[in-house]
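**Q** build me a model from this:
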Amino acid sequence: MTHAHPHASPHSSRPDADPDGQAEILDLDAEVLAGHIAAITAWLPAERAPREIVDLGCGTGTGTFALLERFPEAHVTAVDMSAEHLRRLRDKACDAGVRDRVHTVQADLDAADWPDLGTPDLVWASASMHHMSEPGRTLRSVHGLLAPGGLFAVVELAGFPRFLPENAPEEQPGLEERCHAASERHHAEHVSHRGADWGPMLTAAGFAIEGERTITVNIEGSQDPAIGRYALGSLQRLRHSAVDSLSPGDLAALDRLLDVDGPHSILRRGDLSVRTERSVWAARHGN
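**A** Numbers count the residues shown, from 1 in each chain. The predicted structure is shown next:
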């Protein structure tokens, strides 16, 4: 998954590079939220265990490996535009002893013609659909790809992660919410489908909705260094999209949090948590 926040995207202007640490953030996302991702795969209303799965906008493999664990007889075709993310995914598959169950495909899912991805029983798209320039066309492509009776799982962010208490930092209480508000205004101009209700669009593309749910995440992380690194990387990316809208005081406070060598570094805080939501739609291809 490659994107403005730590989740997958099918395309990038620099497909062979990882210019701002997206891969590390994706790996931390997978580590910190592993239990919640497993809960989503366990919930999927699969009528029978899928043997062929396609992971669209796979990033470094968060969904791929969760699906391989959930369906131990399955083979996954992992699709992303980033060669670096796919390389990392293959390396992790080798380390996990499942390389023979993973096939990677580098492709731009916004292209009109997709490469041959077989006829999967399950297609998984986590935090990638909102990046599509023409999501209706993408949904129709998925419908044409799936085997009759196959399942399409769309996972999207219902809320972006928060890490700091509401009254933090002491000199600029509420800083994180103001950063998120500024980032939302920025992304509203560039990622218009973020936060969309995918149910009606799935129905319009010929799918039957079989289930919808929201996963609430609230992880206390004061003793978990991975959460500190996750918060650091996420706020670094948030700064990039919010910088033009923040007051001088807020920007200075944010930079103090992001200074890993400074006394106010977010890595030194003992009051972090991960708070977010993810929405899931399970849609069936009609027989």
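**Q** the worst-scoring helix or strand of the chain on mean pLDDT - contacts with which helices or strands?
**A** Ranked by mean pLDDT, DSSP states H and E, the helix or strand of the chain with the weakest confidence is helix 175-188, at a mean of 83. In terms of contacts (3 or more Cβ pairs under 8 Å, 6 or more residues apart in numbering; DSSP states H and E), helix 175-188 is packed against strand 151-162, helix 225-242, helix 248-258. Any C-beta I mention is one placed from the backbone N, CA and C, and that applies to glycine too.
**Q** and the last one, which residues are buried?
**A** Neighbour-count burial for helix 248-258, with 16 or more other Cβ atoms under 10 Å as criterion, is recorded at Asp250, Leu251, Ala253, Leu254, Arg256, Leu257, Leu258.
**Q** what packs against it?
**A** Using 3+ Cβ pairs under 8 Å, 6+ apart as the contact criterion, the elements in contact with helix 248-258 are helix 175-188, helix 225-242.
**Q** what does it rub up against?
**A** Residues from elsewhere that reach helix 248-258, judged by Cβ atoms under 8 Å, 6 or more residues apart in numbering: 169, 171-172, 175, 178-179, 232, 235-236, 239, 243, 246, 262, 264-266.
**Q** same question for the longest one.
**A** Residues outside helix 225-242 that contact it (Cβ under 8 Å, 6+ apart): 4-6, 20-21, 24-25, 28-29, 31-32, 161, 163-164, 176, 179-180, 182-183, 186-187, 219, 221, 254-255, 257-258, 260, 265-267, 269, 272-274.
**Q** what ranges do the helices span in this protein?
**A** Secondary structure of the chain by DSSP state H: the helices cover 22-32, 34-43, 62-70, 83-96, 135-145, 175-188, 198-204, 225-242, 248-258.
**Q** could you tell me the angle between the second one and helix 22-32?
**A** Angle of helix 34-43 versus helix 22-32, following axes from the mean of the first three to the mean of the last three Cα atoms, to 10 degrees, is 70 degrees.
**Q** name the helices or strands packed onto helix 34-43?
**A** With contacts defined as 3+ Cβ pairs under 8 Å, 6+ apart, the secondary structure elements packing on helix 34-43 are helix 62-70, strand 207-220, strand 273-285.
**Q** okay, angle between it and strand 207-220 too, please.
**A** Taking the same axes, to 10 degrees, one finds helix 34-43 and strand 207-220 inclined to each other by 160 degrees.
**Q** show me which residues of helix 34-43 are buried.
**A** Neighbour count says helix 34-43 has His36, Ile37, Ile40, Thr41 buried, by 16+ other Cβ under 10 Å.
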